[in-house]
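Asker: mind looking at a prediction? Sequence and model below.
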Amino acid sequence: HFNFCSGPATLPTAVLERARDEMLDFEGRGLSVMEMSHRSEAFIAVAERAEANLRELMQVPDNYSVLFMQGGATQQFGCVPLNLLGKGGRGNYLDTGIWSQKALKEGRHLGEAHMVASSEGNGYTAAPGQEALSLSEDAAYLHYCDNETIGGLQMDYVPQVETPLVCDMSSSILSRTVDVSKFGVIYAGAQKNIGPAGIVIVIVRNDLLDQARRETPSMLNWKAFADNGSMLNTPATYAWYLSGLVFEWLKEQGGVDAIEKINRRKAQKLYEAIDNSGFYSNPIAAANRSLTNVPFVLGDETLNKAFLAESEAAGLLTLKGHRSVGGMRASLYNAMPEEGVDRLVAFMQDFERRYG
Ligand code: PLP
């Protein structure tokens with residue numbers, strides 16, 4: 001079967017098999033990684049290897065820290081104003097959908113936030129262009145979401161601003177190449193393109209580590225994590241280990257460049273199937289169509305129900321769209337093989353022949 005869940009997402013089969021094989025006895029130690037002290041030499045090697053491989057995959061420059069935190073991307077919505085507004089100013093926020101709005105809400109709650117532009121006017125079907133950004137001058141950062149997982153809207157450019165850029169890459173990290181040096185902070189919940197839930201990756205430029213508000217709890221403080229190798233307390237050790245296996249797997253696939261080519265092919269096949277059908281539709285402007293999350297709707301509720309039941313029976317799992325959008329959503333993260341998309345497209349064509 002193929003699992004199109006938006007998160008937690010499917011993991012590469014090879015990674016699950018390796019984890020299974022190492023589950024009871026990791027490297028001949030007679031223990032599972034799950035049972036090891038996070039201070040043990042063996043676990044520290046696992047943790048350091050994961051970080052080194054992520055740095056290599058994303059070509060993270062040396063003046064950035066890579067943090068393995070908990071609390072998901074949602075917690076980072078709060079960490080952003082806490083860690084960046086200690087010297088005053090406000091957060092600039094771009095609104096392209098539900099996740100950017102949640103970040104903005106936390107920005108307002110924990111500091112001052114200004115919305116620079118919104119896709120609301122076009123029903124969240126296209127991202128505002130660079131020229132539409134009305135930036136507040138006393139801002140400490142601009143926050144945006146690279147890929148709106150629910151709406152299926154992806155940014156087609158990296159905003160150019162004077163302030164540090166803070167980007168939520170939860171559903172797009174490692175799916176395509178990015179130039180990390182353009183960003184002040186990148187964060188991403190792991191449970192889509194990286195590993196199981198329980199880890200959020202934060203990549204932060206070191207000169208931004210001295211701006212936290214005084215009341216920031218240590219567990220939300222990027223500097224505290226950077227200074228302690230992300231082991232301020234017991235980290236999510238097993239999730240960290242599994243993330244490391246996914247990084248190794250991705251390197252074996254040829255790295256981000258190679259997987260991006262496959263991802264582009266997968267997305268193109270599915271969007272073409274939608275556009276060529278007259279039965280399925282996706283409302284997002286061509287330039288902003290997501291590489292990883294493809295929502296599509298059918299004519300009515302009866303068809304939706306039939307599609308879901310029959311696709312599930314055919315081994316194409318978790319295609320139900322988010323309740324705010326309706327219809328279907330296929331998430332095509334790195335671990336979704338091209339064959340899964342081929343099978344989905346064939347199913348869609350067959351379904352259309354029978355119901356169209
Ligand atoms: N940001 C984006 C773009 C997401 O897709 C999600 C989850 O789906 C989140 C944030 C929230 O992530 P978490 O559940 O890790 O808090």
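Answerer: Thanks, I have the structure now.
Asker: averaged pLDDT, the helix or strand V116 falls within. What do you get?
Answerer: Using DSSP states H and E, V116 sits within strand 113-118. For strand 113-118, the mean per-residue pLDDT is 98.
Asker: give the full set of residues in contact with the closest residue to the ligand within the stretch 1-150 of the chain.
Answerer: Residue nearest to the ligand within the stretch 1-150 of the chain (CB to the nearest ligand atom): G72, separated by 2.7 Å. C-beta here means a position set from N, CA and C on the backbone, and glycine is covered the same way. Applying CB atoms under 8 Å, 6 or more residues apart in numbering to G72 gives the contacts G189, A197, V200.
Asker: report pLDDT for it.
Answerer: 97.
Asker: next, count neighbours for A140.
Answerer: Residues near A140, counting by other CB atoms under 10 Å, number 25.
Asker: not counting sequence-adjacent ones, nearest residue to it?
Answerer: Setting aside the residues directly before and after it, A140 is nearest to G89 in space (CB to CB, 6 or more residues apart in numbering), at 3.8 Å.
Asker: contact partners of the longest helix seen in the chain?
Answerer: Scanning the chain for the longest helix, with DSSP state H as the assignment, gives helix 255-275. With contacts defined as CB under 8 Å, 6+ apart, helix 255-275 is touched by 57-58, 174-177, 250, 253, 280-282, 289-292, 294, 296, 330, 332, 334, 336, 338, 341-342, 344-345, 348-349.
Asker: can you say which of those residues are buried?
Answerer: Using 16 or more other CB atoms under 10 Å as the burial test, the contacts of helix 255-275 include 57-58, 174-176, 250, 280, 282, 289-292, 294, 296, 330, 332, 334, 336, 341, 344-345, 348-349 as buried.
Asker: and A139, how far from L133?
Answerer: 11 Å (CB to CB, to the nearest Å).
Asker: got the buried residues for the strand holding V116?
Answerer: A113, H114, M115, V116, A117, S118.
Asker: got JSON lines for the residues you listed, with distance to N147 too?
Answerer: JSON lines is the format used below for those (distance: CB to CB, whole Å):
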{"residue": "A113", "distance to N147": "21"}
{"residue": "H114", "distance to N147": "23"}
{"residue": "M115", "distance to N147": "19"}
{"residue": "V116", "distance to N147": "18"}
{"residue": "A117", "distance to N147": "17"}
{"residue": "S118", "distance to N147": "17"}
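Asker: turn those into JSON lines, columns for distance to the ligand.
Answerer: Below are the buried residues of strand 113-118 laid out as JSON lines (distance: CB to the nearest ligand atom, whole Å):
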{"residue": "A113", "distance to the ligand": "17"}
{"residue": "H114", "distance to the ligand": "20"}
{"residue": "M115", "distance to the ligand": "17"}
{"residue": "V116", "distance to the ligand": "18"}
{"residue": "A117", "distance to the ligand": "18"}
{"residue": "S118", "distance to the ligand": "16"}
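Asker: is the ligand within reach of the one helix or strand L250 maps to?
Answerer: When elements are assigned from DSSP H and E, L250 belongs to helix 237-252. No: interface with the ligand: helix 237-252 contributes nothing (CB under 6 Å from any ligand atom), its closest point being 11.6 Å away.
Asker: in the stretch 251-356 of the chain, which residue sits nearest the ligand?
Answerer: Counting by CB to the nearest ligand atom, the stretch 251-356 of the chain gets nearest the ligand through N293, at 8.1 Å.
Asker: give the contact list for that residue.
Answerer: S6, N147, E148, T149, I150, G152, S171, R329, A330, S331, L332.
Asker: out of the residues you listed, which are close to the ligand?
Answerer: T149, S171.
Asker: which one of A139 and L133 is surrounded by more residues?
Answerer: Ranked by neighbour count (other CB under 10 Å), A139 and L133 place A139 first, with 23 against 16.
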